[in-house]
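**Student:** Following is a predicted model, sequence given first.
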Number of protein chains: 2
Amino acid sequence: MADILHRVGIKSSLDEVYKALTTREGLAAWWTINTQGESNKVGGVIHFHFSVDGKEIGFFDMKVLELHPAKRVLWQVVDGPKEWISTKISWELKQEGDYSIVLFKHQDWKEPVEFMHHCSTKWAIFLMSLKSLLETGKGAPSPNDVIIGDWH
Amino acid sequence: MADILHRVGIKSSLDEVYKALTTREGLAAWWTINTQGESNKVGGVIHFHFSVDGKEIGFFDMKVLELHPAKRVLWQVVDGPKEWISTKISWELKQEGDYSIVLFKHQDWKEPVEFMHHCSTKWAIFLMSLKSLLETGKGAPSPNDVIIGDWH
């Protein structure tokens, strides 16, 4: 098993970060504008769809396993690319001085495949989009996300 | 043991990417302007120093273990933060269509500590600096790097 880890510090309140991770509007403003489903209920399923030049290139369906306001969110992938199925994504939040710290983990990849390398870099890009959304009011969600190579 | 993985695609030749990873000038243009030592000789040691507002905040000393032009570079950390000592950093290069693909691995962390989360995100930022350097002629090396939180 292998995990993707990240840490960003955001000049914003824990409540605002939590809201950006648990509301459809928040998620659509930093990850992908095509976000549907139930993001703020344990047991709900969130549908994230991605497109390039108007054509869908992929999707992830996440089941919400845990919601602890201003503290922790846990999702499990229930549909999407085969490498993602059953992996879990956890968000731990804590205050450090002026910053809300986000400890991110995309855990339980079966193998450290090349696609995992790509997803690790891309998660960093989207975490910077989350940071930008909360600090400046403007994120860079798909399809306006920063491109990191041939795999978008 | 735990590894940091990343993948970026750069519109540049493999030779140019290799040069940016193995010359003092190249490294100084995307990672840290204060790069010293022997980067293009197996057995050489490269010194990377980082500062904020003119004050040194840390350094890494890397021994060059492998150099395969346009293909692969391997370093081992011989001095720096205790969590980094003995870890290895590998760069695998390959062509995919118009892109030079960089597969990056910072391997053999003893524990997935919070500092590892930070370094993972920060490596993504510096890989984007490398990409920018090669595609636009301008990177964002320390101390002009993108800040990701309270740990810079």
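**Tutor:** Happy to help now that I have it.
**Student:** Residues of chain A that sit close to chain B?
**Tutor:** When proximity is defined as C-beta under 8 Å from any C-beta of the partner chain, chain A approaches chain B at A:2-10, A:96-99, A:101, A:103-105, A:112, A:114, A:116-118, A:120-121, A:124-125, A:127-128, A:131, A:146, A:148-151. Quick note: C-beta positions are derived from backbone N, CA and C, even for glycine.
**Student:** Buried subset of those residues, written for ChimeraX?
**Tutor:** Remark: buried members of the residues of chain A next to chain B, expressed as a ChimeraX selection using 16 or more other C-beta atoms under 10 Å in any protein chain shown:
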select /A:2,3,4,5,6,7,8,9,10,99,101,103,104,105,112,114,116,117,118,120,121,124,125,127,128,131,148,149,150,151
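**Student:** Could you list which of the residues of chain A next to chain B belong to helices?
**Tutor:** When DSSP state H defines the helices, the subset of the residues of chain A next to chain B inside them is A:E114, A:M116, A:H117, A:H118, A:S120, A:T121, A:A124, A:I125, A:L127, A:M128, A:K131.
**Student:** need the contact list for the last one.
**Tutor:** Yep, that's A:K131 we're talking about. A:V8, A:G9, A:I10, B:I148, B:G149 (C-beta atoms under 8 Å, 6 or more residues apart in numbering or on different chains).
**Student:** For the last one, give me its contacts.
**Tutor:** In other words, B:G149. B:G149 is in contact with A:R7, A:V8, A:G9, A:I10, A:Y99, A:I101, A:K131, B:H118, counting by C-beta under 8 Å, 6+ apart.
**Student:** For it, what are phi and psi?
**Tutor:** phi 160, psi -160 (degrees, to the nearest 10).
**Student:** Grab the nearest non-local neighbour of it.
**Tutor:** Of all residues not flanking B:G149 in the chain, A:G9 sits nearest, at 2.2 Å (C-beta to C-beta, 6 or more residues apart in numbering or on different chains).
**Student:** Please name the bridge partners of the one you found.
**Tutor:** A:I101 (DSSP bridges).
**Student:** Pretty sure A:K19 sits in a strand.
**Tutor:** No - counting by DSSP: H, G, I helix; E, B strand; the rest coil, A:K19 is not part of a strand but helix.
**Student:** May I have the helix or strand A:M62 falls within as CSV, with CA atoms only?
**Tutor:** Assigning secondary structure by DSSP states H and E places A:M62 in strand A:55-68. Taking Å, rounded to 0.1, in the frame of the first residue of the first chain, the C-alpha atoms of strand A:55-68 are listed here in CSV:
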residue,chain,number,x,y,z
LYS,A,55,-15.3,16.5,-23.4
GLU,A,56,-15.5,14.4,-20.2
ILE,A,57,-12.1,12.9,-19.4
GLY,A,58,-12.9,11.2,-16.1
PHE,A,59,-14.9,11.1,-12.9
PHE,A,60,-14.5,10.1,-9.2
ASP,A,61,-17.4,9.1,-7.0
MET,A,62,-16.6,9.5,-3.3
LYS,A,63,-18.6,8.2,-0.4
VAL,A,64,-18.5,10.5,2.7
LEU,A,65,-17.3,8.3,5.6
GLU,A,66,-16.6,10.9,8.3
LEU,A,67,-17.5,14.6,8.9
HIS,A,68,-16.1,16.3,12.0
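**Student:** Let me see the residues that make contact with it.
**Tutor:** Contacts with strand A:55-68, where a contact means C-beta under 8 Å, 6+ apart, come from A:22, A:37-51, A:72-81, A:84, A:88-89, A:152.
**Student:** for chain A, which spans come out with low pLDDT?
**Tutor:** Applying pLDDT under 70 to chain A flags no residue at all.
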